[in-house]
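A.B. asks: Quick one, what's the 3D model for this:
(one chain, ligands or ions: 2)
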Amino acid sequence: MQTEHVSAPAIGLSKIEKWFGTRAQPVHALAPTDLDVPAGELLVLLGPSGCGKTTMLRMMGGLLEPTGGDLTIENRPLWKDGARQGETLSELGMVFQDANLFPWLTIEDNIALPLELKGVGKAERMARAHELTRLVGISGFEKRWPKELSGGMRQRAAIARALSYDPKILLMDEPFGALDAMTRDQMNLELQRIWMETRKTIVLVTHSISEATFLADRIVLLSPRPGRIDTIVNVPMARPRSLDVQTTPEFQDIARTLRHRLNEIS
Ligand SMILES: Nc1ncnc2c1ncn2[C@@H]1O[C@H](COP(=O)(O)OP(=O)(O)O)[C@@H](O)[C@H]1O
Ligand SMILES: [Mg+2]
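C.D. replies: Ligands and ions are numbered 1, 2, ... in the order given. Purely as a prediction, here's the structure:
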């Protein structure tokens, strides 16, 4: 018999839970939830609006206090019985729907800003910013202003900024939700490439079935009222996946299963 090597998950949720609102009008945003995200996985949280995707992601990022439960990042406690434990900020990068670049900073200064806040010297910051513009495919735009870039390029810069201090984990909340369909497809390809180059652990929130199926190793389908894990779907398709994968029976089977289940729970 083979001995199985069990390594600690990059992110571990144990009975993590969130209530919002008042005693008169409480909202159970996330029922007690267990979930392990192994290191290097590209995990997608999928579900209808209001099912608790952002709530779960913000608790993983340390931005939102859970009502109860434990959460570990890289085997270190972040939340325990709903209370904040250590700082894990350097383990985490976050990307949101809006790039949120500072308009008065050039692209390279935006990307290097987290490093500047950490006290990293100018030469090292700029070297890292250039390395990252290459990684995300915006080399040559270092001296431009955010308003000179397209929406997709601004999102690339936001990803570069999130990677600036080389975190092990990238948390992304509908990062391509504001982009047109063609740009979004392109960004999905690019994110897959960046992930394959860097092997970060990624948790990505979306309500797009095709985006989830294209990108994910595993899809966690959440259902609303209260938010909770409904189903976990493995996506075993080989990588790198091209956009043509969407026309394969394998892809369409997974997408159909998700669509039917989403219709039932929404
Ligand atoms: N700050 C808040 N105050 C009260 N209710 C909230 C707050 N944030 C989220 N909620 C509620 O919690 C539930 C889950 O929200 P959210 O995590 O944003 O869902 P999703 O990201 O899946 O659309 C929703 O019912 C939402 O209205
Ligand atoms: Mg949300």
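A.B. asks: C-alpha only now, for contacts and for neighbours.
C.D. replies: OK.
A.B. asks: Please enumerate residues in contact with the worst-scoring helix or strand of the chain on mean pLDDT?
C.D. replies: Least confident helix or strand, the chain: strand 83-84 with a mean of 92, by mean pLDDT, DSSP states H and E. With contact meaning Cα atoms under 8 Å, 6 or more residues apart in numbering, strand 83-84 is reached by 65-66, 68, 78.
A.B. asks: Filter those down to the ones in strands?
C.D. replies: Using DSSP state E to define strands, the subset of the contacts of strand 83-84 located there is 68, 78.
A.B. asks: May I see the contacts of strand 83-84 arranged in CSV, with pLDDT and distance to Gly86 as well?
C.D. replies: Converted to CSV, the contacts of strand 83-84 look like this (pLDDT from 0 to 100; distance: Cα to Cα, whole Å):
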residue, pLDDT, distance to Gly86
Glu65, 96, 13
Pro66, 97, 15
Gly68, 97, 16
Leu78, 95, 6
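A.B. asks: Wait, a strand at Leu222?
C.D. replies: Yes: per DSSP: H, G, I helix; E, B strand; the rest coil, Leu222 lies within a strand segment.
A.B. asks: before we move on, the earlier item: check which element follows the least confident helix or strand of the chain along the chain.
C.D. replies: Remark: after strand 83-84, the chain's next helix or strand is strand 92-95, criterion DSSP states H and E.
A.B. asks: after that following strand, next one along is what?
C.D. replies: Next along from strand 92-95, by DSSP H and E: helix 107-117.
A.B. asks: just the CA coordinates of that following helix, formatted as CSV?
C.D. replies: This file holds the C-alpha atoms of helix 107-117, laid out as CSV (Å, rounded to 0.1, in the frame of the first residue of the first chain):
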residue,chain,number,x,y,z
ILE,A,107,1.8,52.0,-14.3
GLU,A,108,5.2,51.0,-12.8
ASP,A,109,4.6,53.2,-9.7
ASN,A,110,1.2,51.7,-9.2
ILE,A,111,2.6,48.1,-9.5
ALA,A,112,5.5,49.0,-7.2
LEU,A,113,3.4,50.8,-4.6
PRO,A,114,3.0,47.9,-2.2
LEU,A,115,6.8,47.5,-2.2
GLU,A,116,7.3,51.2,-1.5
LEU,A,117,4.9,50.9,1.4
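A.B. asks: Give me the contacts around the helix or strand that comes right after it.
C.D. replies: Next helix or strand after helix 107-117 toward the C-terminus (DSSP H and E): helix 122-136. The contact list for helix 122-136 (Cα under 8 Å, 6+ apart) reads 108-109, 111-112, 115-116, 139, 141-142, 156-157, 159-160, 163-164, 190, 194.
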